[in-house]
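Colleague: any chance you could fold what I've pasted below:
(2 chains)
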Amino acid sequence: SQQGEEDPQALSIQEGENATMNCSYKTSINNLQWYRQNSGRGLVHLILIRSNEREKHSGRLRVTLDTSKKSSSLLITASRAADTASYFCATDAGSGNTGKLIFGQGTTLQVKP
Amino acid sequence: KAGVTQTPRYLIKTRGQQVTLSCSPISGHRSVSWYQQTPGQGLQFLFEYFSETQRNKGNFPGRFSGRQFSNSRSEMNVSTLELGDSALYLCASSAGTSGATDTQYFGPGTRLTVL
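Modeller: Here you go, the predicted model:
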């Protein structure tokens, strides 16, 4: 079963606007990651945030993590048409010392030029 | 470095047949994980191999199996194909030394269609 629930399922914005996606998970984690997938292709790793971190930045990306609420958010600032993709959160819940990731259902983002 | 490669990229099979998918990880990576992606179930973990040993396994029937070779290349096999096995199969490679904290690099996937 999926660990994460993502919200919204779909998001449509204009170029230049900010996009916020949320992810909630069920069990305790050591870290949470965000991935991007373009049109049914492979996933691209965006950012990893550890359970003892509250916020992390990478370029136009800002990720927050609230372990008390078991939730994370991904903010993309000044969006571009090239940001159109599906975004997934993934946690390591139950993975032990292995590479197993549990993915959310994803948010489909459309950025209109 | 070359990225993760998966072959074939597209595959069409009929029910009851078997299929083998291949994944070549990034040079130096010792961990290969496999995921199944479908519109209904999303991305689901199949298994992970590290240094030729299965290190973790997802909740899939025994028809799904895999292996890893000494050069870290991995194959997954699905026997007695069912219509529901139609999916995008993704493999990911990582150094494998820090568990799920390692950055995983995904291949482009193999699109399997079962008729």
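Colleague: CA only for contacts and neighbour counts going forward, please
Modeller: Noted.
Colleague: quick one: is stretch B:106-113 near chain A?
Modeller: Yes - among the residues of stretch B:106-113, B:106-109 lie within reach of chain A under C-alpha under 8 Å from any C-alpha of the partner chain.
Colleague: could you give the mean pLDDT of that stretch?
Modeller: What stretch B:106-113 shows for mean pLDDT is 96.
Colleague: kindly report the same for stretch B:66-77.
Modeller: The average pLDDT within stretch B:66-77 is 97.
Colleague: turn the residues of stretch B:106-113 next to chain A into CSV, columns for secondary structure and neighbour count.
Modeller: Formatted as CSV, the residues of stretch B:106-113 next to chain A follow (DSSP: H, G, I helix; E, B strand; the rest coil; neighbours: other C-alpha atoms under 10 Å in any protein chain shown):
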residue, secondary structure, neighbour count
B:Phe106, strand, 26
B:Gly107, coil, 24
B:Pro108, coil, 23
B:Gly109, coil, 30
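Colleague: what parts of chain A come near chain B?
Modeller: Proximity of chain A to chain B (C-alpha under 8 Å from any C-alpha) is limited to residues A:2, A:31, A:40-45, A:48, A:92, A:95-105.
Colleague: beta partners for the closest residue to A:His57 other than its chain neighbours?
Modeller: Spatial nearest neighbour of A:His57, excluding adjacent residues (C-alpha to C-alpha, 6 or more residues apart in numbering or on different chains): A:Val63 at 6.4 Å. For A:Val63, the beta-bridge partners under DSSP bridges are A:Lys56, A:Leu74.
Colleague: A:Val63 reaches A:Ser72, doesn't it?
Modeller: Yes - the pair A:Val63 and A:Ser72 passes the contact test of C-alpha atoms under 8 Å, sitting 7.0 Å apart.
Colleague: quick one: low-confidence parts of chain A?
Modeller: A:1-4, A:94 (pLDDT under 70).
Colleague: show me where it has its strands.
Modeller: Defined through DSSP state E, the strands belonging to chain A, from first to last, are A:5-7, A:10-14, A:19-24, A:31-37, A:43-50, A:55-58, A:61-66, A:71-76, A:85-91, A:102-103, A:107-112.
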